[in-house]
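Q: Got a predicted structure here, sequence first:
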Amino acid sequence: MNEVAMIDKNTSVERTPEVIALEINSITENLRKIFLLNSIEIGRRLAEAKIMIGHGEWGNWLKKSFNYSQRTASNLIGIFEQYGSSQMVIFCDNAKSQALANLSYTQAVLLMGIPMEEREEFIEKNDIDSMTTRELQEAIKGKKELENKAKELETKVKELEDGWEGTKRIADKSKLLAEEKTQEAQRLLEEKEQAESDKQAAEAIAAQLQDDLKKEKEKSKKEINRLGLSIEETKKLLAEAQASGNNDEVERLSESLVKADNDLVIAQQKIEELERQLTEPIEVTAAPVVEKIPEEVEKELNELRERTKELEAKVAQQSNPVVPPKERFRVHLDSLVDGFRDLLSSLAEIEEIEEQERYKQAVLKLIGKMSERLKQ
């Protein structure tokens, strides 16, 4: 096919099919921008008019004035609200986002379904210019479904975490209560041991007291015997003194005899008191003895131990919440797709041909290994 080259007399530029194609693309891009800008301005005015028009008259006014459906008007107002006002700067020559600046009207309407703060990132990750309207709709729908699944998973994990925390609190409380009951049982056992020790000490003291009383009784008996002999001897001497007429000696011996009789009476009374004390049981005062842990305490303690074990096992199980395999697969697959897209983007930015080719071969090798694993 022969190509005809022409020269523009005004610009002295050779007219070729390539130059004409560039001009057409430039005009097309300008038309796209102008169309979207005009859509924003129409949406601005529709939003203004909607405030003025009475309730229930909006649809009739649209049909009468422009033959617009309410859906079309809503899209135009949405275009204004999403891309107009402060967003107008993106369509200027110094645009911060070329991706947003190149949107068509249809693309802009569809992308309103994506939050504003995520829109530019979505455009960068998806080649929307090569997508049909249906493909773009499916991509946006897929993103929303993925986000909903992620939210559901997040909610489920949160519920599992909350349940785990609640169970753990109950387990900790039961464990603490079991420890308190154990300490109480230990205290009772220690009191029992102390009471037994006190009782043994008191019994030892009582035995020692009994022994001391017996010794004192024997001592008193000996003293009585001694006094008895002394009295007999004094009586004999008194009789001799009376026979000899020794009045002084008689008086002295009489006084000695009276004293000995008094000492004998006292000794006999002491013997009687000691015998009474020996026959009476000695009271041993000790703390109340707990022979064993009360049955109700032992039962409650065992129940708490079993409950604590069950709760601790449940906590251990819930600490690793199980996410369904299909959901895990979907999350990992989406992560893999996003990572591969980013990898290709980074690979394209490498300027050195040899280095880029080396990385490509490494990626191909990895893909081959992954393919072999899938076939197993």
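A: Sure thing, it's come through.
Q: close enough to count as contact, residue 47 and residue 81?
A: Yes - counting by CB atoms under 8 Å, residue 47 touches residue 81, with 7.3 Å between them. Backbone N, C-alpha and C define where each C-beta goes, glycine included.
Q: Pull up the gap between residue 22 and residue 129, please.
A: Per CB to CB, to the nearest Å, residue 22 is found 17 Å from residue 129.
Q: ugh, typo on my part, it should be residue 201
A: In this view, residue 201 and residue 129 are 100 Å apart by CB to CB.
Q: Assumed residue 147 was part of a helix.
A: Yes - under DSSP: H, G, I helix; E, B strand; the rest coil, residue 147 falls within a helix.
Q: residues near it, how many?
A: Neighbourhood size, residue 147 [other CB atoms under 10 Å]: 13.
Q: okay, and for the stretch 51-200 of the chain, where does confidence drop off?
A: Within the stretch 51-200 of the chain, the ranges that satisfy pLDDT under 70 run 85-101.
Q: redo that, cut-off 90
A: Scanning the stretch 51-200 of the chain for pLDDT under 90 picks out 54-56, 81-109, 111-133, 136, 139-140, 142-200.
Q: all helices for it, in order.
A: 58-65, 70-83, 98-101, 105-111, 116-125, 133-244 (DSSP state H, counting those that start in this stretch).
Q: hey, where'd the helices end up in the stretch 201-350 of the chain?
A: 247-279, 295-318, 325-349.
Q: Lowest average pLDDT across those?
A: When the helices of the stretch 201-350 of the chain are compared on mean pLDDT, helix 295-318 scores lowest, with a mean of 62.
Q: so how far is residue 119 from residue 20?
A: Relative to residue 119, and taking CB to CB, residue 20 is found at 34 Å.
Q: do the same with residue 262
A: From residue 262 to residue 119 the distance is 126 Å (CB to CB).
Q: Now for the closest residue to residue 131 other than its chain neighbours, how many residues are close by?
A: Nearest residue to residue 131 in three dimensions, chain neighbours excluded: residue 139, at 6.8 Å (CB to CB, 6 or more residues apart in numbering). Using other CB under 10 Å, residue 139 has 18 neighbouring residues.
Q: Need the residue closest to the centroid of the protein.
A: Nearest residue to the geometric centre of the chain (CA atoms, centre = their mean): residue 165, 5.0 Å.
Q: Just list the residues touching that one, thanks.
A: By CB atoms under 8 Å, 6 or more residues apart in numbering, residue 165 lies in contact with nothing.
Q: now it: how far from residue 159?
A: Taken as CB to CB, the span from residue 165 to residue 159 is 11 Å.
Q: Let me see the contact set for residue 111.
A: By CB under 8 Å, 6+ apart, the residues touching residue 111 are 103, 119, 122, 123, 140.
Q: any idea how the chain splits into domains?
A: Structural domains annotated on the chain: 6-128, 148-318, 325-375, as defined by automatic domain parsing.
Q: Would you tell me which of the ones you listed gets closest to residue 135?
A: Closest to residue 135 of the domains of the chain is domain 6-128 (CB to CB; 8.6 Å).
Q: Run a quick neighbour tally on residue 367.
A: Neighbour count for residue 367, taken as other CB under 10 Å: 11.
Q: Mind giving me the packing neighbours of whichever strand or helix holds it?
A: Assigned by DSSP states H and E, residue 367 belongs to helix 353-375. Applying 3 or more CB pairs under 8 Å, 6 or more residues apart in numbering; DSSP states H and E, one finds that helix 353-375 contacts helix 325-349.
Q: what's the helix it packs on in contact with?
A: For helix 325-349, contacts defined as CB under 8 Å, 6+ apart pick out 125, 146, 149, 150, 153, 356, 359, 360, 363.
Q: how close does the third one get to residue 112?
A: Here the distance between residue 149 and residue 112 works out to 22 Å (CB to CB).
Q: I am finished for the moment; much appreciated.
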